Every structure is written in C-alpha cells, then in structure tokens.
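# Compute the structure for the input listed below.
(chains A and B)
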Amino acid sequence: MFRTLALSLAFALPVPVLADQTGKILNDHVLSGFDELAVSSAALSNAAQESCVASSEPLRAAYATAFDAWTGVSHLRFGPTETDNRGFALAFWPDSRGSTPKTLSGLIADQDPVVDDPEAFQSVSIAGRGFYALEYLLFDDRLSALGDADYRCALVQAIARDIAGTSRAINQDWQTHYAELMQSPHKGGVYQTQAEVLQEFYKALDTGLQINADLRLGRPLGTFDKPRPKRAEAWRSGRSLRHVQVSLEHLRTLAALLAAGDAELAQSLDIKFEAALTKAAALDDPDFSGVATPAGRFRVETLQQTINDIRTEVTQLLGPTLGVSVGFNSLDGD
Amino acid sequence: MATRRGFLAGLAASSFAPVAGWAKVGAPEFLSAARSSDDSYHLFGLTGQGAPVFQIPLPARGHAAAANPLRAEAVAFARRPGRFAIVLSCETGVILAELDAPEGRHFYGHGAFSSDGALLFTTENDYDAARGIVGVWEARTYQRLGEFSSGGIGPHDIRLMPDGGTLVVANGGIETHPDSGRAKLNLPFMQPNLTYLSVEGDVLEQAELAPEMHMNSIRHLDVRTDGLVGFATQWQGSTADSPSVIGLHRRGEAPQLLSAARAQARAMDGYGGSVAFYDEGTRIAVSSPRGGLVQLGDVAAGAVVGQLDMPDVCGLGVSGGALRASTGTGAFWAATATPRVLTQQPVAWDNHLVRVSCG
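Numbers count the residues shown, from 1 in each chain, chains lettered A, B, ... in the order given. As a prediction, this is how the structure comes out:
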C-alpha cells in the first residue's frame, strides 16, 4: 500500500495547477478522484489479505471506502477508464442477466486456479470481477457461504487485488499522460480543441445524471404495478441510496466547474443539486426497498424527477454554452 | 389518440373504403414526422422538392413511418420505446387502424411492408427477455399474425431486400428496458449485427463487424437495387476513439466500414442518423445531427469523400437520383455539392425521410 500511495503522490504533484477551466476540472475533480480510487483500492486489497472472511469489519470498511471512490469517478467513462475495458472490469452493473452470481458460482464450483495468478485473473469475465462481484462474496447470503471457505477466501483476495491493479492502472494513465493530453488539445490529437475537451466532460456529466435517474433509481422503481427493489444497485450492502448521493456530490462539482463562465447558470444548477441532495438525505431508504410501497415509491420518484430537472437544465442551458447543439434531432438520439 | 372503439370503427371503415393509390394524395415521394411550432406532432407527405402535400395529426412524437406500396396508407411509429403505431389514410387523414404492441413489447420505430403490401413487419423489443422480435401484421385489418426472432438484441431499422422475399434487420445490439428509460444496459457485451431473414423468419445470414467494433451499434439501413446494404452506426465507446459510422455489406461478404480520416470520423461525433444511396447508387450519404453535417461516401472506393454542413440534419432521401436532407430547423435541402434549401417550413423535421414507393 505504501508503495502505491507514494507512487500516486509522485505522479499527482508535478501536474501544474492551471488557471484554465480544463486544468481546474482535472485538478479539482478528475485527478484527485482517481488518486483516491487508487489509494483506497490498494487499501482494500491489503485489508483482504489481512482478513478475507465476509463478515470482517475492516474488510467491509475498506470495501465501502473504495466503492465510494469509484462511485465518485464512475461517470468519467473515457480515456484511461475505457482502455482494456477497465471501467467494466471495476463495475459491471446493471447485470440484467445475472451473470455475476453465475460467473462466481462457476469459479467456486470448479475451484478455478485462476485466482492464484493476478495476470490470468484479468481474463476472467468482467461479470466475475470488480466491486459488484465482491459485494456478492461479502454480502450475499448464498454466495458468501458457497463451496469451500478457503477457495472463497482466495477469490475475495483475487478480486480485491484485481480492483487495486485496475484502479492503479487508470490512475497512472491519468497522471502520466491523459491529463496532459486533455490540457493540450491540438490538430490531429485525441482532442483537437478545448471545446472538444469540455464537451467530453459535459457528456460525462449528462450521462452521469442519466445513470442516477434511469438506472440507480429507475431500475428499482420498475412500474407502479411491478416495483423491482431487488434491481437496486448494491442493495445487498445497503449502498443503493448512498451511491446516488456520492455521485450527485461529484457531479455537482463537475457541473459547477463546467458552468464557471456563467455565474447565473452555475448558481441555478447548484440550487437544483442542493434540492436533489436534500431529498436524497431525507429519503431514509438505503436499499430502496421502500419502492414496494406507494409512499416510498412516490418519494423515490420525486427524487428521480429532481435529477431529471437538473439534466434538463444541463442539456438546455449548459450544453449550448459549451458548443453542444440542442437541436430537435441532435438531442434525440435513435 | 384513437380509442379501442375507434380502432374497431376504423377497421370496419377500411374494409369498405375504396383503394386509393398515392397519386390521389398528391404523389408524395417522402413521409416525415415533424413537430409543429405549437408543439403538436404531424405526419407529412412531401414531394421530392420538399413541398408538403398533406399533413395528418399524430398523438405524440413520431420516429419513422412505413408506406404501403400499393395504397395511400402509412404506418406511423411512436418514438422508442413507444407502444403504439397508427395506420393512416393519407387521403382522408383518418386513422384506419391502431397497432398496439403486445404485452411485454414495445416498437423500435421502424417497419417494412412486403412487396405486395399484404404484410407489415415491425421491429420490437421483448424487453424482459432482452430479445429482438420482428412482429408480423396483416396489412388490411392490421391483426397480428405472429412474430419471429430478429436474430439479435435491439433491432432498429428493417428493410425488404430487392428480391422481395428477404428482410434485412439492423440489430443494434443494445439492451434497453422501459423501466430504465433509454439507458443502455449491456454495453460491455453488446454484439450488433445485420440479420437477413426470410419473411417466414428463417435466418438466412448474419454479419458482424470486427470484434473491436462491437460497440458500433448498427441502426439504420438503405438498400441498393442490387442488394448492397448501406448502414449507419452509433458508436458507444469513447468519443476520442470515434470510428467511421458508415458501412456497406454485400451478402456472403464481411461488412466494411467506409474509411475516413480520423478528423472526419470525429466530426460525426460517433453518430450516424440516417443513410441513403444516391447518384444511381454510386454514392452513399450518412447524416449526423450531433455533428451537424452529412458525410458523403464513394461506394466503389469504400471511402468518405466529402461532407456538407447542415445544422440539426437527420432525414435523408433521394429524389430523381439526387440527395435530399431534412433538418430539425425545418429546412429541406437539395444536398448537392453546393447545397441549397428547397423549402423551409415552420416545423422540426423528425429523424427520417421515408421513401414512398408508388405501386
């Protein structure tokens, strides 16, 4: 862990603090977030080596911290996160076909020796890797007790180590070259203009809001006749609502940085984020099981609407300031 | 919107209504859905010069339509994930029938008629099973006759091949569920394909892009008279990696994306909206509303050779061999080397110009 920490600090320090908008987004939002992910994931891997039993409090605490860190950067799905499918290897959700429990059951039943080789483990299906796979092993009644305890232990350690490795790789790419690349757009480059760079962040903001409204809240809501509380993200660990809150906090920072040139818009967005976070804090339904009751459902729907309101303002007002067209067709997508 | 009773009344009416060819309704060459300035939605018939010859109210935002090859009847589809499609008489504006997607299904917004106009095929989502479906409807009473697998997830555009007996479906590969709006549920595992099916539903051939292009969702189609299929894709990967969004496929061969310079591919913003062959099939065009441009490809060379700037463009079609384009700003363009606006209407033209093949 200390080695990783030292390494990430060494990479974090030389990045110059730039006054421009891209530089501020990178420093205040991106680099700090991925550094936190790398550090907390390394701590998670260490905790798993110390104690791999599902009920271990230090392990669960380290898991929570690292998963928080991922949730805070999970909307930044481009560049280093997309290389080699790293984002999906850390976080494969939603899992509409139940691939994660299937993959894990298969590994446990076969006592697959792939857990002994970190490099080979990268070839395991993304459904059997990352934070959601680890959640099954730590919190699911069936999988946390399935098969041989020693093998399960090795699997927990392998997944935690793999999470640490993937997070470290993402962080290194950001610190060593991708931040630089976004700060120096040029003709023929990955980003040709500063506008393209800001549009990438804008897309991350918009998609992040959509994931909160349509997936994190929309999936458990289902329909009035058929609410689906068991489709909530990370309900086994009781983290469903927390992910919405952590994500909104980080998206709020990004929105403020993107709207920096328009004080009125920045303030309006901030008020909307505040409203959503206040509603979320008052929800008192950590795993969204409340969607099964009409009153609980109504409260989650209200939160969803508040997030959709933010999204509308982002697309209608923030987008145009960054050169994103808001045409009838360009906004539609089909 | 028509009620169940209206549906039955329409059904009865259509059985006795005289058959009207498209000539009686001003011989439109295209159908297009649009939003009017008062936020109402209509289906328009347009001449090849972009002049409206009829307009019929729609209950909500449309997407594409299908034109009956023999009768002046159009099926207008709701925007995904709509549960309805309506059959309109383009002569009277009367709703002749209403298609309700079966329980657990929604339409994707595209459909195709059989060459004799007797059957309608619709792309649908069996969303709890995440299975693409082609629905089969009798095209006079619009009773559902049956359905078959589309050969993939997320079927979008569907066309009848020139042989009259084969359907080609663009299975976009993306799983969605109405509970989650339009959010994409399976990006890491998505596997788009082109599937050729007999009208009875037998899979005749399937074609996929190279593995590294598995996030390039195949969505919209045009078919040349010799059976060459042109397709437009929507890239789901990182913007920085945006590949070409135009491709060609001939049965028995591997599909190919048109080669494009990196900057050209980036300019489309990973998003092809509509596709059309033109200039007697020697050229192919793909629109990108996000990029605000139409990119032009040389079919024989398999390469992008030019582009036209058009804000919020999406619909593409051909009139007299020449390319036409419609935009969300109400412009209808002659998309020649020096494009010019043929008509400007106070509407927002929606995604597609649908060709009316006069019987």
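
# Could you use CA atoms for every contact and neighbour count after this?
Noted.

# Kindly report the residues of the stretch 51-200 of chain B close to chain A.
Contact residues (CA under 8 Å from any CA of the partner chain) of the stretch 51-200 of chain B with chain A: B:R80, B:D179, B:S180, B:G181, B:R182, B:A183, B:L185, B:N186, B:P188.

# How about the residue in the stretch 1-150 of chain A positioned nearest to chain B: what's its closest non-neighbour residue?
Nearest residue of the stretch 1-150 of chain A to chain B: A:F78, at 5.1 Å (CA to the nearest CA). Nearest non-adjacent residue to A:F78, counting by CA to CA, 6 or more residues apart in numbering or on different chains: B:S238, 5.1 Å away.

# need the residues of the stretch 51-200 of chain B next to chain A in CSV with pLDDT, neighbour count and secondary structure, can you?
Below are those laid out as CSV (pLDDT from 0 to 100; neighbours: other CA atoms under 10 Å in any protein chain shown; DSSP: H, G, I helix; E, B strand; the rest coil):
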residue, pLDDT, neighbour count, secondary structure
B:R80, 85, 22, coil
B:D179, 90, 20, helix
B:S180, 90, 22, helix
B:G181, 87, 16, coil
B:R182, 86, 17, coil
B:A183, 90, 19, coil
B:L185, 92, 20, coil
B:N186, 93, 19, coil
B:P188, 91, 19, helix
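
# B:V318 belongs to a helix, doesn't it?
No: B:V318 is assigned strand when assessed by DSSP: H, G, I helix; E, B strand; the rest coil, not a helix.

# Name the residues linked to it by a beta bridge.
B:L323 (DSSP bridges).

# can you map out the helices along the stretch 201-350 of chain B?
Using DSSP state H, counting those that start in this stretch, the helices of the stretch 201-350 of chain B run over residues B:262-267.

# now do the stretch 51-200 of chain B
Using DSSP H, counting those that start in this stretch, the stretch 51-200 of chain B contains no helices.

# wouldn't B:L228 be in contact with B:H249 here?
Yes: at 6.0 Å, B:L228 counts as touching B:H249 under the criterion of CA atoms under 8 Å.

# Would you mind giving the domain segments of chain A?
Domain assignment for chain A, taken from automatic domain parsing, gives A:2-183, A:194-321.

# As JSON lines, those domains with distance to B:P339, mean neighbour count and mean pLDDT would be great.
Shown next, in JSON lines, are the domains of chain A (distance: least, CA to CA, whole Å; neighbours: other CA atoms under 10 Å in any protein chain shown; pLDDT from 0 to 100):
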{"stretch": "domain A:2-183", "distance to B:P339": "35", "mean neighbour count": "19", "mean pLDDT": "91"}
{"stretch": "domain A:194-321", "distance to B:P339": "26", "mean neighbour count": "19", "mean pLDDT": "96"}
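
# Throw those into JSON lines and include distance to B:Y142, thanks.
Shown next, in JSON lines, are the domains of chain A (distance: least, CA to CA, whole Å):
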{"stretch": "domain A:2-183", "distance to B:Y142": "33"}
{"stretch": "domain A:194-321", "distance to B:Y142": "29"}
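
# Tell me which residue is most central in chain A.
Central residue of chain A (CA atoms, centre = their mean): A:S74, 2.6 Å from the mean position.
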